[in-house]
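# Make a model of this:
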Amino acid sequence: MNHLPRVSTSGRECANDAPADHVEVVLHITETLDSISRNQLQAVLLGDNGVFSAEFCPLRYHLLLVQYDSTQMNYRDVLAIVLEQNFTAQILGPF
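Numbers count the residues shown, from 1 in each chain. All right, here's what the predicted structure looks like:
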């Protein structure tokens, strides 16, 4: 399988052109998290080998975008990591 990034017509790499096994999911965190809690949650997620990135939406800190390797985990695994940290969360959808 070729994992080289596709190039847009403008000659630049497209942001959404990740390999097919890279999946993004958005989670809604019910609790209001301060910056320390957000950083800790991101660190826990990034500690999993299947997670590539975990980012909170600026000014919408209740929304968490997680990119992961679908050959190693699925959206339920991502949600389970968050729930194990004693947060209430739900999946809004893959993107």
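# From residue 30, how far off is residue 60?
Taking C-beta to C-beta, to the nearest Å as the measure, residue 60 and residue 30 are separated by 13 Å. For the C-beta atoms, the positions are set from N, CA and C on the backbone; glycine is no exception.
# Give me the buried stretch members for the host helix or strand of residue 43, please.
Residue 43 is part of helix 35-46, with elements assigned from DSSP states H and E. Buried residues in helix 35-46, defined by neighbour count with 16 or more other C-beta atoms under 10 Å: 38, 41-42, 45.
# ditto for stretch 58-77
64, 66-68, 73, 75.
# which residues in this structure form strands?
Assigned by DSSP state E, the strands in the chain fall at 22-29, 51-57, 60-69, 89-94.
# How far away from the center of its chain is stretch 88-95?
Relative to the centre of its chain, stretch 88-95 is centred 10 Å away, using C-alpha atoms, centre = their mean, to the nearest Å.
# Now do the shared contacts for residue 60 and residue 30.
Here residue 60 and residue 30 share no contacting residue, scored by C-beta atoms under 8 Å, 6 or more residues apart in numbering.
# Next, format the buried residues of helix 35-46 as JSON lines and append pLDDT.
Listed next are the buried residues of helix 35-46 as JSON lines, based on pLDDT from 0 to 100:
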{"residue": "38", "pLDDT": "96"}
{"residue": "41", "pLDDT": "97"}
{"residue": "42", "pLDDT": "97"}
{"residue": "45", "pLDDT": "97"}
